[in-house]
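> Return atomic coordinates for the entry below.
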Amino acid sequence: MHTAYVPPNPNYQILLSKLEKSFIFTNSIVLGDFNACSVAFGAEASDNRGKLIEKLLDQYGLVALFSGSGTHLTPSGRTTPIDLAMCSPSLSQKALCKVLDENLGSDHYPVLITLNKK
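Coordinates of the predicted model:
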């Protein structure tokens, strides 16, 4: 399991090259605040960072564990899906992912990922 925080304005290419090292393992889960919008994980449109993540999903055959659920609470009160959990296909069939209702005072909602033995 790997976690990531991507600030809103990083050199995304360098970061993605580092993240790619997480995907060499057969059973990997990568999750975090990517500050990216992608239709692959529920946004209405993809921004440039989201398109790079979509490319990673395709390139490594990864599966987005949740989509359509807002994980970030904006100042206007909307939720947006800028957080992402992705994993290898073998784990996706064992994973149950849920965005929790209580944000615990943060502007991000916690995400619970449960892996079943199946």
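> where along this protein do the strands fall?
Remark: strands assigned in the chain by DSSP state E are 2-5, 29-33, 63-64, 72-73, 79-80, 83-87, 95-99, 111-115.
> Does the first one pack against any helices or strands, and if so which?
In other words, strand 2-5. Contacts defined by 3 or more Cβ pairs under 8 Å, 6 or more residues apart in numbering; DSSP states H and E place strand 2-5 against helix 12-20, strand 29-33. Backbone N, C-alpha and C define where each C-beta goes, glycine included.
> Show me which of these has the highest average neighbour count.
With neighbours taken as mean count of other Cβ atoms under 10 Å, these reach their highest mean count in strand 29-33, at a mean of 19.
> Tell me where the model's unsure across this structure.
10, 12, 14-15, 18, 24-25, 67-68, 118 (pLDDT under 70).
> Pick out the residue closest to the middle of it.
By Cα atoms, centre = their mean, the chain has its centre lying nearest to residue 84, at 1.2 Å.
> what's residue 82 in contact with, if anything?
For residue 82, the contact set (Cβ atoms under 8 Å, 6 or more residues apart in numbering) comprises 33, 34, 35, 36, 37, 43, 71, 72.
> Nearest to residue 26, out of those: which one, please.
residue 34 (22.5 Å; Cβ to Cβ).
> mind checking the backbone torsions on that closest one?
Note on residue 34: backbone dihedrals following degrees, to the nearest 10 are phi -90, psi -10.
> Can you give me every residue that contacts it?
Counting by Cβ under 8 Å, 6+ apart, the residues that residue 34 touches are 4, 6, 49, 53, 82, 83, 84.
> export the residues you listed to CSV and tack on distance to residue 94?
What follows is those, written out as CSV (distance: Cβ to Cβ, whole Å):
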residue, distance to residue 94
4, 22
6, 26
49, 28
53, 22
82, 25
83, 21
84, 18
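> now those: which count as buried?
Listed as buried from the contacts of residue 34 are 6, 49, 53, 82, 83, 84; burial here means 16 or more other Cβ atoms under 10 Å.
> Kindly indicate which of the residues you listed lies nearest residue 111.
Using Cβ to Cβ, those come closest to residue 111 at residue 83, 6.7 Å.
> Skip the chain neighbours and tell me the closest residue to the closest one.
Once flanking residues are discounted, residue 83 sits nearest to residue 71: 3.9 Å by Cβ to Cβ, 6 or more residues apart in numbering.
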